[in-house]
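Enquirer: sequence first, predicted model second:
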Amino acid sequence: MSSGLSPISSICKFSLYSKHKPLKVMVMGQTGVGKTALIVRFITKRFIGEYDPTLEKLYTFHTIIGNDLVNFEIYDTAGQTQETGFLNLETNIRWAEVFILVYSVTDKCSFDECNRLKFLINYNKRRRKLGSTNSKDFSQIDVPVALVGNKNDQIADRMVSLEEGQRRSQEIGCVFFHEISVRESIEQVWAVFTDLWHFRKVHMKFPKLRRSISEMQNPISYSFHNSAQACLNRKSIATTSVLGRRWTEIDLDEEEKEEKEYLPEYDPSLPPFRDRASTDSQISTKATPTSLWQISPVTSPNSKLADRRMSFSMRGNDSSSN
Ligand SMILES: Nc1nc2c(ncn2[C@@H]2O[C@H](COP(=O)(O)OP(=O)(O)OP(=O)(O)O)[C@@H](O)[C@H]2O)c(=O)[nH]1
């Protein structure tokens, strides 16, 4: 992308990227659903067959979407259960602005796991909201979560239908649903991330864009692509995204009041969520979102960066041609 640029224009471009507030994305899901494959495909355009499980990484990736210079920070969680992993999970949920919940269409358990993860996200984001004084902060207002069903190239092994995925997305309150194959389509992978970017952009531009309570009770199918396109003149991207919600402008203060009425008051002495619910996902104590690195893929100094890089160069094959 930048190969044709002079060194000076590269420096200018880099400084432009660094001025932009990064979009903090957290990718969650059960082990083996393709979280790492999704991120690596997005960043490198490559599909890589095998990764070391349970490694967790923070990737920094600069790119252009439409006319925007976008700076992604993408946190790859590990799917295997480890007691120590729960310690940082809630902290890292609060770090992230947008979430991608991944399941495999060939694995019903991974599909069900998304319910628990979504609940965990809601719990931690709402708790933060109640404890916060800055009600205008995008990340505290709504929790944009994309539900992504991966591996739809494995037709014979499918256990979760497209309709089940769409329905679940509405039920648990996700803003997008995508069914994709990381292996087969880079466009589908890009659609997941660009949708989240456009969602954030619309939210920043129209901070009062909110769901109405009545629509939550009676969801009407509506594509966020359409509203985003109208607002942002966005180029369309082929995807199976479905949004089961309409979005309306309502008064922020009113919604603040409503939320306070039905949410329990935040009590700092409350035990952490992990003591009351379980999840298979976790965050390693080795890599935290505070350790940022340029150029993908990256991780904390303590983890196996060399091994990870090796797996990209040794095992990768370029399948960006779909
Ligand atoms: N057929 C097919 N296989 C895929 C696809 N995406 C990922 N895989 C495979 O699924 C396996 C698991 O992928 P990972 O990216 O390591 O999964 P993960 O969710 O990061 O797993 P953990 O790190 O253990 O949490 C690998 O063998 C991938 O090659 C896909 O779209 N189609």
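Expert: That came through, no problem.
Enquirer: show me what from the chain comes close to the ligand.
Expert: Applying Cβ under 6 Å from any ligand atom, we find that the chain lies next to the ligand at 29, 31-37, 49-51, 53-54, 78-80, 150-151, 153-154, 181-183. The C-beta positions use only the backbone N, C-alpha and C, and glycine is treated the same way.
Enquirer: what separates residue 92 from residue 110, distance-wise?
Expert: Look at residue 92 and residue 110: by Cβ to Cβ, to the nearest Å, they are 20 Å apart.
Enquirer: so for these two, which residue has more residues nearby?
Expert: Set side by side, residue 92 and residue 110 show more neighbours around residue 110, with 26 against 22, by other Cβ atoms under 10 Å.
Enquirer: what helix or strand is the more buried one on?
Expert: Following DSSP states H and E, one finds residue 110 within helix 108-131.
Enquirer: repeat for residue 101
Expert: Using DSSP H and E, residue 101 sits in strand 98-104.
Enquirer: and the helices in the stretch 101-250 of the chain?
Expert: Assigned by DSSP state H, counting those that start in this stretch, the helices in the stretch 101-250 of the chain fall at 108-131, 138-141, 162-171, 186-205, 213-217, 224-232.
Enquirer: so what secondary structure elements neighbour the third one?
Expert: For helix 162-171, the packing partners by 3 or more Cβ pairs under 8 Å, 6 or more residues apart in numbering; DSSP states H and E come out as helix 108-131, strand 145-150, strand 176-179.
Enquirer: what does the second one contact?
Expert: Same thing as strand 145-150. Here strand 145-150 makes contact (Cβ atoms under 8 Å, 6 or more residues apart in numbering) with 33-34, 37-38, 98-105, 111, 114, 118, 121, 160, 162, 165, 168-169, 172-182, 192, 195-196.
Enquirer: list only buried entries from the residues you listed.
Expert: Among the contacts of strand 145-150, those buried by neighbour count (16 or more other Cβ atoms under 10 Å) are 33-34, 37-38, 98-105, 111, 114, 118, 121, 160, 165, 168-169, 172-182, 192, 195-196.
Enquirer: pretty sure residue 109 sits against residue 30.
Expert: Yes - when contacts are counted by Cβ atoms under 8 Å, residue 109 is listed as touching residue 30 (6.6 Å).
Enquirer: so between these two, which is more surrounded?
Expert: The residue with more neighbours, out of residue 109 and residue 30, is residue 30; 25 against 12, by other Cβ under 10 Å.
Enquirer: ok so, going back, and the strand holding residue 101, what does it pack onto?
Expert: Secondary-structure packing of strand 98-104 (3+ Cβ pairs under 8 Å, 6+ apart): strand 23-29, helix 35-44, helix 108-131, strand 145-150, helix 186-205.
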